[in-house]
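1. no sequence on this one, just coordinates:
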């Protein structure tokens with residue numbers, strides 16, 4: 001295996017994991033989400049790979065936003081319809097990428113100089129993920 005192949009392997013894991021996470025809600029549910037999450041944990045020490053995973057997950061799962069075009073039924077002029085739908089879709093993907101980047105920075109900080117995360121750190125990161133997800137969904141606490 002060459003150096004460039006080793007360098008791109010984590011990128012491939014993040015990309016495949018993000019796509020699987022995006023497909024999970026509509027296709028395989030837990031059976032698809034479990035490998036997606038395992039791939040996220042495998043790249044959790046690199047914030048930009050976490051961002052790639054999160055961005056792809058939301059861009060794939062929220063592709064329905066593109067089906068809003070044409071937005072003429074809402075009074076949007078036809079020429080602005082597609083750019084607005086693309087902008088909404090892109091903003092969702094970027095927001096997810098930013099949140100996952102912050103999450104991976106926290107994972108990296110919790111890991112410190114050790115080679116991996118302990119059970120307590122994994123539990124803390126998982127709980128943080130759940131709390132932020134519930135807050136983003138607007139679920140009363």
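-> Noted; the coordinates are in hand. In this text the structure is predicted, and so the values were computed from the model without any measurement.
2. And for the particular helix or strand that has residue 127 in it, what's in contact with it?
-> Applying DSSP states H and E as the criterion places residue 127 in helix 119-137. Identification of contacts with helix 119-137 by C-beta atoms under 8 Å, 6 or more residues apart in numbering yields 99, 103, 106-107, 110-111, 117, 141. All C-beta spots, glycine's among them, are computed from the backbone N, C-alpha and C.
3. dump the residue contacts of the residue nearest the centre of the chain.
-> When the chain is reduced to its mean C-alpha position, the closest residue under C-alpha atoms, centre = their mean turns out to be residue 54, at 1.5 Å. Shown in contact with residue 54 (C-beta under 8 Å, 6+ apart): 18, 96-97, 99-101, 103.
4. taking those one by one, which sit in helices?
-> 18, 96-97, 99-101, 103 (DSSP state H).
5. can you pick the most crowded of those?
-> residue 18 (31 neighbours; other C-beta atoms under 10 Å).
6. Distance check, that one against residue 93.
-> Taking C-beta to C-beta, to the nearest Å as the measure, residue 18 and residue 93 are separated by 10 Å.
7. Now the common contact residues for the two.
-> Joint contacts of residue 18 and residue 93 (C-beta under 8 Å, 6+ apart) are 55-56.
8. Walking through this structure, point out its helices one by one.
-> Under DSSP H, the chain gives helices at 3-23, 30-42, 47-61, 78-111, 119-137.
9. Report the buried residues of the shortest one.
-> Think helix 30-42. Going by neighbour count (16 or more other C-beta atoms under 10 Å), the buried part of helix 30-42 is 32-33, 36-37, 39-40, 42.
10. Next, the angle helix 78-111 makes with that helix.
-> 60 degrees (axes from the mean of the first three to the mean of the last three C-alpha atoms, to 10 degrees).
11. so for helix 30-42, what's the average pLDDT?
-> Across helix 30-42, pLDDT averages out at 94.
12. for the chain, which spans come out with low pLDDT?
-> Counting by pLDDT under 70, the chain shows low-confidence ranges at 139-141.
13. For the nearest residue to residue 55 once chain neighbours are set aside, give me its contacts.
-> The spatial neighbour of residue 55 that comes closest, neighbours along the chain excluded (C-beta to C-beta, 6 or more residues apart in numbering), is residue 97 at 3.6 Å. By C-beta under 8 Å, 6+ apart, residue 97 lies in contact with 51-52, 54-55, 58.
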